[in-house]
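Colleague: task: produce atomic coordinates for the following.
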Amino acid sequence: MKPSTLISLLILMACLSSLSTCMSMKTNSAITITNQNSDLHPIIIIPGSGGNQLEARLTSDYKPSGLFCRLQKGSGWFRLWFDPTVLVSTFTKCFAERMMLYYKSDIDDYRNAPGVETQVPDFGSVKSMLYLNPHLKQITDYMGSLVSSLEKLGYKDNANLFGAPYDFRYGLAAEGHPSKVGTQYLQDLKYLIESSSASNNGKPVILLSHSLGGLFAMQLLNRNSKSWRQKFVKHLVTLSTPWAGTVQQMITFASGNTLGVPLVNPLLVRAEQRSSESNLWLLPNPNSYGSRPLLISTKNNKTYSAFHMPEFLEDIGFKEGIEPYKARILPLVEKLDEPGVSVTCLVGTDVETPYRLVYGPSGFDVEPDVIYGDGDGTVNLNSLLRLESDWLDSKDQVLDVIRLPGVSHTDILKDNIALSEMIKVITKINTYSM
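Modeller: Numbers count the residues shown, from 1 in each chain. Next comes the predicted model:
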């Protein structure tokens, strides 16, 4: 396999999993904390979508669509994400049906497919986010380079460096709506923050997030009291966070998205990608994208802006996404309150990023023509910089935005210049009051 294909494969991984009746997390009991005498503030890393391993097991309630999908039934826990068999068409279907979520309108919440139980391994450690598959380290490296850079500063896993992996298929909902899995994750994350601080002489923690992880981090801060935030959180550092969603996410919903990897048929994973609660969270925010045309369908003779997301979901054949989008997502993304905790955003710029999509006479089952604009290759610039505009008139909120020209959404975790800037930020936080 060519190096360029391997890189594309890694990008695909983050795309495919933007994804129970049972949901089991290895959380508090799996945390091993070692007391440290250190001047470093503890760091908790929150990965992006697809940025940590997931495990699954299939119970007697699992009804596979084909013979091959029966193979792991009753065999105990196995790696669901990432498994290279997803690249084989027959097994792609198995993967997709196991990753599917279902919105249950009677309980106003999401659940796994019947008979599929999932768990997140190694909560509290960075282990499950270093490589998405430990047997394929070279092509599934995710946080390996970043963690290595932190270790050179004196950070050590389970001592003053911790990981907060999660089931990235699930998201959060606006106030008044249940979100069992996402809410439990925030509770586990809060406990990890408090435990990490306690084991490091009471020092408040630095939250370091990538992509979707930044949205979870901000929700955690704004759902807890000011006194709690000031006591336990020193600083929030975000990398490539899509504060206002992305145009690219419309490709995911419309026609499925493999980001150019030729081995996977995007239509085989489209339904699974649509089912992901967190993917709805990443659709373009009307407050940031306004009324400008984001997608043009010549077949339907329609133009869609961020204000037309419900109509867009209906026209692509995903009517079941309209209710949760309108009731759970829109109120959630309407406003990003200032957390009262210092925030530093590192963002890639000057990388061609989908700005407008044009679907032709063949409709939504084929890839669109793409008009490109500025961003990090995945997230549009206005989304990356949303906090600057939202908090423009703030007198109390400390916000620093560091632009990294030419650095893409995933390269920010490996690029030497990006890592150097990140280390400068972490060092400054540890040295001065920010």
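Colleague: just the strands in the stretch 251-400 of the chain please.
Modeller: Taking DSSP state E, counting those that start in this stretch as the criterion, the stretch 251-400 of the chain carries its strands at 295-297, 302-304, 343-349, 353-359, 369-373, 399-405.
Colleague: correct me, but P84 touches F95?
Modeller: No - in this structure P84 lies outside contact range of F95 using C-beta atoms under 8 Å: 10.4 Å. Backbone N, C-alpha and C define where each C-beta goes, glycine included.
Colleague: of the two, which one has the most company?
Modeller: Each of P84 and F95 had its neighbours counted (other C-beta atoms under 10 Å), and the higher figure belongs to F95 (26 against 15).
Colleague: quick one: the more buried one and D83 touch, right?
Modeller: Yes - under the criterion of C-beta under 8 Å, F95 lies in contact with D83, with a separation of 6.9 Å.
Colleague: for the lengthiest helix in the chain, which positions count as buried?
Modeller: Here the longest helix in the chain is taken by residue count, with DSSP state H as the criterion, and it is helix 180-198. Within helix 180-198, the residues that qualify as buried by neighbour count (16 or more other C-beta atoms under 10 Å) are 181-186, 188-189, 192-193, 195-197.
Colleague: and of those, the nearest to S148?
Modeller: Looking at the buried residues of helix 180-198 and their distance to S148, the nearest is S196, at 20.1 Å (C-beta to C-beta).
Colleague: which residue comes closest to that closest one once chain neighbours are left out?
Modeller: Distances taken as C-beta to C-beta, 6 or more residues apart in numbering put P42 closest to S196, at 4.4 Å, once the chain neighbours are dropped.
Colleague: swap in L384?
Modeller: Excluding its sequence neighbours, the residue lying closest to L384 (C-beta to C-beta, 6+ apart) is V347, at 4.1 Å.
Colleague: report the backbone C-alpha coordinates of whichever helix or strand I417 is part of in CSV.
Modeller: Following DSSP states H and E, the helix or strand that holds I417 is helix 416-431. Taking C-alpha atoms only, helix 416-431 is exported to CSV below (Å, rounded to 0.1, in the frame of the first residue of the first chain):
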residue,chain,number,x,y,z
ASN,A,416,6.4,19.6,14.1
ILE,A,417,5.5,23.3,14.0
ALA,A,418,2.1,22.6,15.4
LEU,A,419,3.4,20.4,18.2
SER,A,420,6.1,23.0,19.0
GLU,A,421,3.4,25.7,19.4
MET,A,422,1.3,23.4,21.6
ILE,A,423,4.3,22.7,23.8
LYS,A,424,4.9,26.4,24.1
VAL,A,425,1.3,26.9,25.3
ILE,A,426,1.5,24.1,27.8
THR,A,427,4.9,25.3,29.1
LYS,A,428,3.5,28.9,29.5
ILE,A,429,0.5,27.6,31.4
ASN,A,430,2.8,25.7,33.8
THR,A,431,5.1,28.7,34.2
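Colleague: ends of stretch 281-292, what's the gap?
Modeller: End-to-end distance for stretch 281-292: 20 Å, by C-alpha to C-alpha, to the nearest Å.
Colleague: quick check: mean pLDDT of stretch 114-131?
Modeller: The predicted model assigns stretch 114-131 a mean pLDDT of 96.
Colleague: buried ones in it?
Modeller: Within stretch 114-131, the residues that qualify as buried are 115-131, counting by 16+ other C-beta under 10 Å.
Colleague: among these, which are in helices?
Modeller: Among the buried residues of stretch 114-131, the members that lie in helices (by DSSP H) are K127, S128, M129, L130.
Colleague: now render those residues as TSV, adding distance to L330.
Modeller: As requested, these are arranged in TSV below (distance: C-beta to C-beta, whole Å):
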residue	distance to L330
K127	36
S128	32
M129	30
L130	36
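Colleague: now, among the residues you listed, which is nearest to K152?
Modeller: Checking these against K152 by C-beta to C-beta gives L130 as the nearest, at 15.4 Å.
Colleague: distance check, the closest residue to T252 other than its chain neighbours against M100.
Modeller: Sequence neighbours aside, Q273 is the residue nearest to T252 in space, at 5.0 Å (criterion: C-beta to C-beta, 6+ apart). Q273 sits at a distance of 10 Å from M100 (criterion: C-beta to C-beta, to the nearest Å).
Colleague: who's more crowded, the two?
Modeller: Set Q273 next to M100 and count neighbours by other C-beta under 10 Å: Q273 wins out with 24 against 20.
Colleague: okay, now the sheet partners of the helix or strand encompassing Y110, with direction.
Modeller: In this structure, Y110 sits in strand 109-112 according to DSSP H and E. Strands flanking strand 109-112 in the sheet, each with its direction: strand 101-104 (antiparallel) (DSSP bridges).
Colleague: any low-confidence regions in this protein?
Modeller: Of all residues in the chain, those with pLDDT under 70 make up the ranges 1-38, 72, 259-262, 433-434.
Colleague: the same query, at a cut-off of 90, please.
Modeller: Within the chain, the stretches falling below the threshold (pLDDT under 90) are 1-38, 63-75, 82-95, 132-140, 257-265, 432-434.
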